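In: heads up, no residue letters with this:
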């Protein structure tokens, strides 16, 4: 074309040479991203290694790429995972080097280090504990959530028993507020239910960054505009967790101006049940309601007009999102019997179906160790809900008043700060990496390989990776916990193996 500049001055992408050794992914001289993803850098422009007026770090560069206006970086099925892997490995390399210098490790050979761990010496246990504590900054890993659990326990000790434990799940296949930010929205609005579900699934697969940011933004605004004023929340602690299919949900503890729970006498328990029975119920507006084949999906239609919700709105919503369905992959387990054996038939670990009763109560039926709130019930399979929360959130919720600080510490704190999957012990992970230690710097090699094991011990969903690359918080709250090492100065860095 006559208006195009000569070929030699046009931006172009250089292809890399074929070589025997792999490139260092942390180098600052070779354009790895454009060579690995040429379709994302068609003219070779915008690479991370290029000189700029202001220096930027790699995580900021990736966050900017994930927000690029045409969405090509966030939409690419592999780019997000490559970028996430590089960021985590960069953090691990920096942490392993800092750990060796910060803890003033004495020189030691790889053989001596292996021997110490194989013989389970006190020094090896102290070193492992120090590594695990030091690695709690790797977001989303098991040590990270262990650290958050301790912080949540500190909240309970300092602020006393929280008032409510709440879980919020998404209806990401149905929400109009999410679909309007996705492609094919006009088609989605008018399509029959099966076609609409197919479009939603394809969008969630191809645009996980939009879904991740939408859930974060929707919950944040819902918490600030609905939950806080509804319950007069004074403090909160909440976290994100990702389901097996990749969608997030939020667990949270909420402190309100409600009176602290006391469970010593029947009168105190009755007063607690009366107070929270007004807010939380398992009463189905229409317990015999059956959804008709041609009935519109309430999750996609209720907020398209300005009319206030009606009794029918609440009934359709509760019967669609709040009824518990048992299944072997979810809740059916063989339950432990008083004699130590297991029940012959699998039973629901959430104790559904439950007995119906007119009044809210506090009972030990569901947990013999702790009192549990049980709202009034006319439906054996209905989750407890709050009308305002259910109508506002437009998806499944779980709301449970907390009966004691000890119950929160023993069960709820562990549940809402647990890692994504059940994993091997730290000692088992160390035994797996010991044969592969570098002889030049064995301690740094041990730390690096162990932290890489902790990152790789589970699967990471697309939405979770996008959530992290967008630098959205995994956990948030109203308080900041500061850790203070109260040991004598001579003992604070005593993790060397000699």
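Out: Received it, and whenever you're ready, just let me know what you need. Computed from a prediction, not measured in an experiment: that's the story for all the values here. Numbering: from 1, shown residues only.
In: Residue 352: neighbouring residues, count only.
Out: 16 (other C-beta atoms under 10 Å). Yep, even glycine has a C-beta here, placed from its N, CA and C like the rest.
In: Surely it forms part of a strand?
Out: No - counting by DSSP: H, G, I helix; E, B strand; the rest coil, residue 352 falls outside a strand, being coil.
In: ok, residues contacting the helix or strand residue 444 falls within?
Out: Using DSSP states H and E, residue 444 sits in helix 442-456. Residues outside helix 442-456 that contact it (C-beta atoms under 8 Å, 6 or more residues apart in numbering) are 88-89, 92-93, 95-97, 99-100, 105, 108-110, 113, 127, 131, 134-135, 138, 141-143, 426, 429-430, 432-434, 436-438.
In: same deal with stretch 477-487?
Out: So stretch 477-487 is contacted by 151, 154, 155, 158, 159, 234, 235, 236, 237, 238, 492 (C-beta under 8 Å, 6+ apart).
In: Repeat the analysis, applying 6 Å as the threshold.
Out: If you take C-beta atoms under 6 Å, 6 or more residues apart in numbering as the criterion, stretch 477-487 is touched by 151, 154, 235, 236, 237, 492.
In: Now do the buried residues in it.
Out: By neighbour count on 16 or more other C-beta atoms under 10 Å, the buried set for stretch 477-487 is residue 477.
In: Where does pLDDT dip in the stretch 201-350 of the chain?
Out: Where the stretch 201-350 of the chain drops to pLDDT under 70, the residues are 244, 302-306.
In: which residue ranges form the helices in it?
Out: Using DSSP state H, counting those that start in this stretch, the helices found in the stretch 201-350 of the chain span residues 208-222, 228-231, 266-277, 298-301, 311-321.
In: List the buried residues in the last one.
Out: Of the residues in helix 311-321, those buried by neighbour count under the rule 16+ other C-beta under 10 Å are 313, 314, 315, 316, 317, 318, 319, 320, 321.
In: Closest one of those residues to residue 350?
Out: Distance to residue 350, by C-beta to C-beta, is smallest for residue 321 among the buried residues of helix 311-321, at 15.8 Å.
In: Now do the contacts for that closest one.
Out: 395, 396.
In: Which among the helices of the stretch 201-350 of the chain is found nearest to residue 388?
Out: Evaluated with C-beta to C-beta, those place helix 228-231 nearest to residue 388, the distance being 5.5 Å.
In: Mind listing what's buried along that closest one?
Out: In helix 228-231, counting by 16+ other C-beta under 10 Å, buried: residue 231.
In: Run through who's touching it.
Out: With C-beta under 6 Å, 6+ apart as the criterion, helix 228-231 contacts 256, 388.
In: run the last query once more with 8 Å
Out: With C-beta under 8 Å, 6+ apart, helix 228-231 has contacts from 163, 164, 254, 256, 258, 279, 386, 388, 389.
In: What's opposite the nearest residue to the first one once chain neighbours are set aside in the beta bridge?
Out: Computed as C-beta to C-beta, 6 or more residues apart in numbering, the closest residue to residue 163 that is not its neighbour in sequence is residue 256, at 4.2 Å. Here residue 256 sits in beta bridges with residue 233, going by DSSP bridges.
In: Would you confirm that residue 256 contacts residue 227?
Out: No - taking C-beta atoms under 8 Å as the definition, residue 256 is not a contact partner of residue 227, at 9.7 Å.
In: Please say which of those two ends up with more neighbours.
Out: residue 227 (24 against 19).
In: how close does the more buried one get to residue 332?
Out: With the distance defined as C-beta to C-beta, to the nearest Å, residue 227 ends up 32 Å from residue 332.
In: Check residue 93 too.
Out: 44 Å.
In: angle of the helix or strand hosting residue 148 against helix 442-456?
Out: Assigned by DSSP H and E, residue 148 falls within helix 142-159. Calculated by axes from the mean of the first three to the mean of the last three C-alpha atoms, to 10 degrees, helix 142-159 forms an angle of 80 degrees with helix 442-456.
In: buried set for helix 142-159?
Out: 142-149, 151-153, 155-156, 159.
In: One more: stretch 40-59?
Out: 40, 41, 44, 46, 48, 59.
In: What does the pLDDT read for the first one?
Out: What it means is residue 40. Residue 40 is assigned 92 on the pLDDT scale.
In: That one: what's it in contact with?
Out: 33, 34, 72, 73, 76, 79 are the contacts of residue 40 under C-beta under 8 Å, 6+ apart.
In: what about the residue nearest in space to the middle of the chain, distance to residue 250?
Out: Centroid check for the chain by C-alpha atoms, centre = their mean gives residue 241 as the closest residue, at 2.4 Å. Counting by C-beta to C-beta, the gap between residue 241 and residue 250 amounts to 8 Å.
In: chain center to stretch 473-487, what's the gap?
Out: Offset of stretch 473-487 from its chain centre (C-alpha atoms, centre = their mean, to the nearest Å): 18 Å.
In: typo on my end, it should be stretch 307-319
Out: 30 Å.
In: which residues touch that stretch?
Out: 284-286, 289, 291, 295, 298-299, 302, 382, 385, 387, 390-391, 394.
In: Counting neighbours, which of the residues you listed end up buried?
Out: 284, 285, 298, 299, 302, 382, 385, 387, 390, 391, 394.
In: mind putting the residues you listed in JSON lines, distance to residue 183 included?
Out: Shown next, in JSON lines, are the buried ones among the contacts of stretch 307-319 (distance: C-beta to C-beta, whole Å):
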{"residue": "284", "distance to residue 183": "37"}
{"residue": "285", "distance to residue 183": "37"}
{"residue": "298", "distance to residue 183": "24"}
{"residue": "299", "distance to residue 183": "20"}
{"residue": "302", "distance to residue 183": "24"}
{"residue": "382", "distance to residue 183": "36"}
{"residue": "385", "distance to residue 183": "33"}
{"residue": "387", "distance to residue 183": "35"}
{"residue": "390", "distance to residue 183": "30"}
{"residue": "391", "distance to residue 183": "29"}
{"residue": "394", "distance to residue 183": "22"}
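In: Among the residues you listed, list the two that are farthest apart in space.
Out: Among the buried ones among the contacts of stretch 307-319, 302 and 382 lie farthest apart (C-beta to C-beta), at 19.2 Å.
In: coming back round to it: between the contacts of helix 228-231, which is nearest residue 269?
Out: Of the contacts of helix 228-231, the one sitting nearest to residue 269 (C-beta to C-beta) turns out to be residue 258, at 14.9 Å.
In: How many residues are close by that closest one?
Out: Residue 258 is flanked by 19 other residues according to other C-beta under 10 Å.
In: Touching, it and residue 272? I think so.
Out: No - using C-beta under 8 Å, residue 258 is not in contact with residue 272, being 9.4 Å away.
In: I'd like the buried residues of stretch 40-59 laid out as JSON lines, including distance to residue 67.
Out: Below are these laid out as JSON lines (distance: C-beta to C-beta, whole Å):
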{"residue": "40", "distance to residue 67": "14"}
{"residue": "41", "distance to residue 67": "17"}
{"residue": "44", "distance to residue 67": "21"}
{"residue": "46", "distance to residue 67": "13"}
{"residue": "48", "distance to residue 67": "15"}
{"residue": "59", "distance to residue 67": "13"}
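In: Alright, calling it a day.
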